[in-house]
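Student: Just to be clear, the model below is a prediction. Sequence and coordinates:
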Amino acid sequence: MNIELVAEPDEALRRAIATPLLAFNAALAGPSGHRPLALVVHDADGGVCGGLWGATAYGWLYTQMLVVPESARGRGLGRDLMLTAEAEARRRGCTHAWVDTQFGALAFYERLGYTVFGSLPDYPPGFCRSFLQKALV
């Protein structure tokens, strides 16, 4: 066996690396039930200008990305996206949710009932990446 540094890895390589890991995990914990979850915000012209990207697995909702257009911030759109994702996660049988954030959204998630369970200081330097969770039931 040898180790190779790949300068520009692609999605096919990621899948090749993930496949045996996912099989190992499923053998230990059972099928994850992984399903992507996406909510899209469209602008007046129909273009994508924001939204939520995440997944449900093992009874948890994970919100990977939440993007609210700058012109719509502070108007409840982010809250509506999160609450819609949480409702869909409940329909899928999820009992918990988690998210991580680092650029000023900590208070936003705390207002939605999320609590910090871990942090990574100085990621990136001068900021703190926070990991939050919430019970959905």
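Tutor: Great, that's in hand. Numbers count the residues shown, from 1 in each chain.
Student: Kindly list the longest helix within the chain.
Tutor: helix 11-29 (DSSP state H).
Student: Pull out the buried residues from the longest strand along the chain.
Tutor: Across the chain, the longest stretch assigned as strand under DSSP state E is strand 48-57. By neighbour count with 16 or more other C-beta atoms under 10 Å, strand 48-57 contains the buried residues Cys49, Gly50, Gly51, Leu52, Trp53, Gly54, Ala55, Thr56, Ala57. Where you see a C-beta, it was placed from the backbone N, CA and C, and this is true even at glycine.
Student: same question, stretch 108-127
Tutor: Using 16+ other C-beta under 10 Å as the burial criterion, the residues of stretch 108-127 that qualify are Phe108, Tyr109, Leu112, Tyr114.
Student: Turn those into JSON lines, columns for pLDDT and secondary structure.
Tutor: JSON lines is the format used below for the buried residues of stretch 108-127 (pLDDT from 0 to 100; DSSP: H, G, I helix; E, B strand; the rest coil):
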{"residue": "Phe108", "pLDDT": "96", "secondary structure": "helix"}
{"residue": "Tyr109", "pLDDT": "97", "secondary structure": "helix"}
{"residue": "Leu112", "pLDDT": "98", "secondary structure": "coil"}
{"residue": "Tyr114", "pLDDT": "98", "secondary structure": "coil"}
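Student: any idea how far the longest helix of the chain is from the chain center?
Tutor: The chain centroid and the centroid of helix 11-29 are separated by 19 Å, computed with C-alpha atoms, centre = their mean, to the nearest Å.
Student: got it, and stretch 126-135?
Tutor: On the basis of C-alpha atoms, centre = their mean, the separation between the geometric centre of stretch 126-135 and that of its chain is 12 Å.
Student: what pLDDT, on average, does that stretch get?
Tutor: Per-residue pLDDT over stretch 126-135 has a mean of 96.
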